[in-house]
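coords please:
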Amino acid sequence: MKKTILLLMSVQFFVYLGFGIIIPVLPEVIVQQGYSDIHVGGLITIYALSSFFTAPLWGRLSDKTGRKKLILVGLAGFSLSFFLFSLFLDHLVLLYLSRIVGGLFSGALYTAVTGYVADITSDEDRNKYMGFLGMSIGLGFIFGPAIGGLLGTVSLSLPFTASAVLVLLLMVYASMVLKEPKRQGEAVKRALLPKGVSTLWQYRVSYLFLFSFMVTFLLAGLESTFQLFQIEQIEITPLQLGYLFMASGFVDAAIQGGVVRRVKDGTETRWIIGAQIVTAAGLFLLPFTNSLLFAGVALSIFTAGNALARTVLVSLTSKESGGKYGTAAGMTYSMDNMGRIIGPLFFTWLLTMQAGSVYYLSGALAIASILLIIAYRNSPRTLRTTEKANTSL
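Residues are numbered from 1 along each chain as shown. Coordinates of the predicted model:
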């Protein structure tokens, strides 16, 4: 099992490493090729859009056809997206195509990997292993921009070529090591099983889907406005910004690798509520930034709360899904992507209207989102057995 978990952690790491690599390189590609600056946002948005519209389909396929097959397909497609980007830097239409392919197959990987872990773990230890996956995601975000910037100094295409080769090698290794897990979702007989996404939305797991959107909505909003706001506050430089996000990335990994594994089955909602209070505290501190250190502390506080909420939420959603782990993971992934689509546009617009208010509103939304968790706890419409449902109240 340890070898399997390490491999799945590697899959998540490389997926989010690839996402992070593009951050420092994409603007340079657009500038050097003479494209309009609007295409920087366009190429980022199209990735999230393709993931949003296809993740529920991947989730159903994961439940129906098997986790291993979908992981291999996802790795092959993700590698292809990097090859396309590296080969066609001077063809804008093909750059968009590569981002569509990347978003599409990242959705396949997310749902299949999450479903795989849910199949091979019990309720008692799932938080720990979901935490390991979350730590891998955090590390991918930490090293992605750094590697992208370093390799990009040699050639703008090199970061994408290197990522494509690494993911392809990982696919070959996964094909030899991974075995199809025993399908707990179908083997365990339950009184009520979801037939698809529409069925899931009739039960209290729907509150967790909405909460997932809010968590990512706030994260995307911060990511899109933080640099612009801090330029006005402390004249932050791109290098300083890189240091801050790297530090917050380590906080993210530490929370998910250390704290999340201590969350006991049945206590998830209390941890999530606490995490949102911490998230709000970080947001409320940001308008008072007067130094680089203060900005780093506020960002790290926000990151700690957001990372804890995100990872515990994934585990709780899988437990509440009535055995349809892949379908629930696909829906969660789609809600995350909706947050990444709407968040940057909304909060950047708000920043242009009144800069300081953006983080007061974000903090207020973080607190308000706790009502979704309270509604989840109070709802009797669960897909669990009665005994399991009672443990989370």
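
may I ask you to confirm that Leu26 is in contact with Ile46?
No - with contact defined as C-beta atoms under 8 Å, Leu26 does not count as touching Ile46 (11.9 Å). Heads up, the C-betas are built off the backbone N, CA and C, glycines and all.

domain ranges for this structure, per the record?
Domains of the chain are assigned by automatic domain parsing as 2-180, 197-391.

the shortest one: how far from the chain's middle?
By that I understand domain 2-180. 11 Å (C-alpha atoms, centre = their mean, to the nearest Å).

could you do the longest one as well?
On the basis of C-alpha atoms, centre = their mean, the separation between the geometric centre of domain 197-391 and that of its chain is 10 Å.

quick one: average pLDDT of it?
When pLDDT is averaged over domain 197-391, the result is 80.

same thing with the first one?
Model confidence over domain 2-180 averages 80 on the pLDDT scale.

what secondary structure does Leu89 sit in?
Classification of Leu89 using DSSP: H, G, I helix; E, B strand; the rest coil returns coil.

so what's it up against?
Val29, Gln33, Leu95, Leu156, Ser157 (C-beta atoms under 8 Å, 6 or more residues apart in numbering).

in the chain, which residue is closest to the centre?
In the chain, the residue lying closest to the centroid (C-alpha atoms, centre = their mean) is Asp336, at 6.8 Å.

ok, it - contacts?
Going by C-beta under 8 Å, 6+ apart, the list of residues near Asp336 reads Ser212, Phe213, Thr216.

try 6 Å this time
Residues near Asp336 by C-beta atoms under 6 Å, 6 or more residues apart in numbering: Ser212, Thr216.

burial check on Trp349, number of neighbours?
11 (other C-beta atoms under 10 Å).

please tell me how far it sits from Ile342.
With distances taken as C-beta to C-beta, to the nearest Å, Trp349 is found 11 Å from Ile342.

what's the nearest residue to Leu87 if we skip its chain neighbours?
Ser157 (7.4 Å; C-beta to C-beta, 6 or more residues apart in numbering).

quick one, what contacts Gly102?
Counting by C-beta under 6 Å, 6+ apart, Gly102 has contacts Tyr47, Ser81.

list the buried residues of the one helix or strand it maps to.
Gly102 is part of helix 92-120, with elements assigned from DSSP states H and E. Within helix 92-120, the residues that qualify as buried are 92, 95-120, counting by 16 or more other C-beta atoms under 10 Å.

tell me the helix or strand right after that helix.
helix 123-152.

tilt between that next one and helix 92-120?
150 degrees (axes from the mean of the first three to the mean of the last three C-alpha atoms, to 10 degrees).

quick one on the thing from earlier: from Leu92, how far out is the residue nearest to Leu87?
Distance from Ser157 to Leu92, by C-beta to C-beta: 15 Å.

ok, now Ser362?
Using C-beta to C-beta, Ser362 is found at 33 Å from Leu92.

same thing with Arg270?
For Arg270, the distance to Leu92 - C-beta to C-beta - is 49 Å.

so Arg261 is in contact with Met130, correct?
No - look at Arg261 against Met130 with C-beta atoms under 6 Å: they stay out of range, at 9.0 Å.

more crowded one of those two?
The neighbour comparison of Arg261 against Met130 (other C-beta under 10 Å) goes to Met130, with 27 against 16.

which strand or helix spans the closest residue to that one other than its chain neighbours?
Distances taken as C-beta to C-beta, 6+ apart place Ser315 nearest to Met130, at 4.3 Å, with adjacent residues excluded. With secondary structure defined by DSSP H and E, Ser315 is part of helix 292-319.

list the buried ones in that helix?
292, 295-319.

try stretch 254-265
Ile255, Gln256, Gly257, Val259, Val260, Arg261, Val263, Asp265.

which ones are touching Gly103?
Per C-beta under 6 Å, 6+ apart, neighbours of Gly103: Tyr47, Ser50, Ser51.

verify the stated contact: the first one with Arg99.
Same thing as Tyr47. Yes - using C-beta under 6 Å, Tyr47 is in contact with Arg99, at 4.7 Å.

which other helices and strands does the longest helix belonging to the chain contact?
Looking across the chain with DSSP state H, the single longest helix is helix 2-33. The contact analysis (3 or more C-beta pairs under 6 Å, 6 or more residues apart in numbering; DSSP states H and E) places helix 2-33 against helix 38-65, helix 92-120, helix 123-152, helix 158-177.

now do 10 Å
Applying 3 or more C-beta pairs under 10 Å, 6 or more residues apart in numbering; DSSP states H and E, one finds that helix 2-33 contacts helix 38-65, helix 67-87, helix 92-120, helix 123-152, helix 158-177, helix 238-254.

dump the last one to CSV, keeping only the CA atoms.
Okay, so that is helix 238-254. Only the C-alpha atoms of helix 238-254 are listed here, as CSV (Å, rounded to 0.1, in the frame of the first residue of the first chain):
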residue,chain,number,x,y,z
PRO,A,238,8.2,39.9,-8.4
LEU,A,239,11.1,38.3,-6.6
GLN,A,240,9.7,39.2,-3.2
LEU,A,241,6.4,37.9,-4.3
GLY,A,242,8.0,34.6,-5.3
TYR,A,243,9.6,34.3,-1.8
LEU,A,244,6.2,34.9,-0.1
PHE,A,245,4.3,32.3,-2.2
MET,A,246,7.1,29.8,-1.7
ALA,A,247,6.9,30.3,2.1
SER,A,248,3.1,30.0,2.0
GLY,A,249,3.5,26.9,-0.1
PHE,A,250,5.6,25.2,2.6
VAL,A,251,2.9,26.2,5.2
ASP,A,252,0.3,24.5,2.9
ALA,A,253,2.4,21.3,2.7
ALA,A,254,3.0,21.3,6.4
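
can you pull the buried residues of it?
Quick answer for helix 238-254 (16+ other C-beta under 10 Å): Gln240, Leu241, Leu244, Phe245, Ala247, Ser248, Gly249, Val251, Asp252, Ala253.
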